[in-house]
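Enquirer: only geometry, no sequence info:
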Ligand SMILES: [Zn+2]
């Protein structure tokens, strides 16, 4: 399986990172994608990817909650990294809109997202979108960008069934994580009604651990619980979920 979104470079893993990676491999994870956040974690992200070159691939982008007063210098750094001659990124992310935590920099979030979406297009890389309490705003912004079709994933998808179908029609994949195991009728309906080919597995570790680990630190090994839940909702085997989602991740991110 491919964990298309995890932050194993996070300090939450400082005490047992190697064991957490080992557990992921034992659970059947063959590759883990590391999204960028901002300059406070770039070095740790790069170091982890270098330490285990066969297990990790990196993305780079400025996270919407990191869009603050200093966003221009942060964005400059992302541009430098993405366009560097030895860039080794498989996607631009995580980028997006977050109106859950703070709306102060909403205008700037939009600007930063549009800029990074244009870079992704120039580089022919998929985007990894983080959207929280902002799906309508996101669709409005995509309409303004008017790219036609899109290449990327709406990570930790949390929109409605209608928004899920709209995203898939535009070419997006939906990243499905621990939330699918919560008592949440909408997510179950989303997973049941969207083609398996449009879904990707992700944990978002250390965040959003699936049931029965809910509230604890999440890790990539728990991806098995998510695959099981998707298999049950779609009435297919776990092996089929693994095969189809891994193939989609491989094509989308050029793995
Ligand atoms: Zn994330």
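Expert: Yep, that arrived. Fair warning: this is a prediction, and the values are worked out from it, not measured in the lab.
Enquirer: only C-alpha atoms for contact and neighbour calcs from this point on.
Expert: OK.
Enquirer: Next, the residues that contact the longest strand that the chain contains from outside, please.
Expert: Scanning the chain for the strand with the most residues, using DSSP state E, yields strand 89-98. Contact partners of strand 89-98, identified using Cα atoms under 8 Å, 6 or more residues apart in numbering, comprise 35-37, 57-65, 82, 106, 109-110, 113, 116-117, 120, 125-134, 138, 253-255.
Enquirer: Got a ChimeraX select line for the buried ones in those residues?
Expert: Buried members of the contacts of strand 89-98, defined by 16 or more other Cα atoms under 10 Å, are picked up in ChimeraX with:
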select :35,36,37,57,58,59,60,61,62,63,64,65,82,106,109,110,113,116,117,120,125,126,127,128,129,130,131,132,134,138,253
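Enquirer: following the helix or strand of the chain with the lowest mean pLDDT, which helix or strand comes up?
Expert: None of the helices or strands of the chain scores lower by mean pLDDT, DSSP states H and E than helix 185-193, at a mean of 93. Sequence order places strand 199-201 as the next helix or strand after helix 185-193, per DSSP states H and E.
Enquirer: Mind giving me the packing neighbours of that next one?
Expert: In terms of contacts (3 or more Cα pairs under 8 Å, 6 or more residues apart in numbering; DSSP states H and E), strand 199-201 is packed against strand 172-176, helix 223-234, helix 238-253.
Enquirer: before we move on, back to that, so which elements touch the least confident helix or strand of the chain?
Expert: In terms of contacts (3+ Cα pairs under 8 Å, 6+ apart), helix 185-193 is packed against helix 161-169, helix 223-234.
Enquirer: Check which helices and strands the last one sits against.
Expert: What it means is helix 223-234. Short answer (3+ Cα pairs under 8 Å, 6+ apart): helix 223-234 packs on helix 185-193, strand 199-201, helix 238-253.
Enquirer: Which stretches in the stretch 1-150 of the chain count as helices?
Expert: When assigned using DSSP state H, counting those that start in this stretch, the helices of the stretch 1-150 of the chain occupy the ranges 17-27, 42-51, 71-82, 106-123, 135-145.
Enquirer: Export the ones you listed as TSV, with columns for distance to residue 217 and mean pLDDT.
Expert: Output for the helices of the stretch 1-150 of the chain, formatted as TSV (distance: least, Cα to Cα, whole Å; pLDDT from 0 to 100):
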stretch	distance to residue 217	mean pLDDT
helix 17-27	11	98
helix 42-51	18	98
helix 71-82	28	98
helix 106-123	28	97
helix 135-145	27	96
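Enquirer: how about those in JSON lines, adding distance to residue 92?
Expert: Formatted as JSON lines, the helices of the stretch 1-150 of the chain follow (distance: least, Cα to Cα, whole Å):
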{"stretch": "helix 17-27", "distance to residue 92": "24"}
{"stretch": "helix 42-51", "distance to residue 92": "14"}
{"stretch": "helix 71-82", "distance to residue 92": "8"}
{"stretch": "helix 106-123", "distance to residue 92": "6"}
{"stretch": "helix 135-145", "distance to residue 92": "16"}
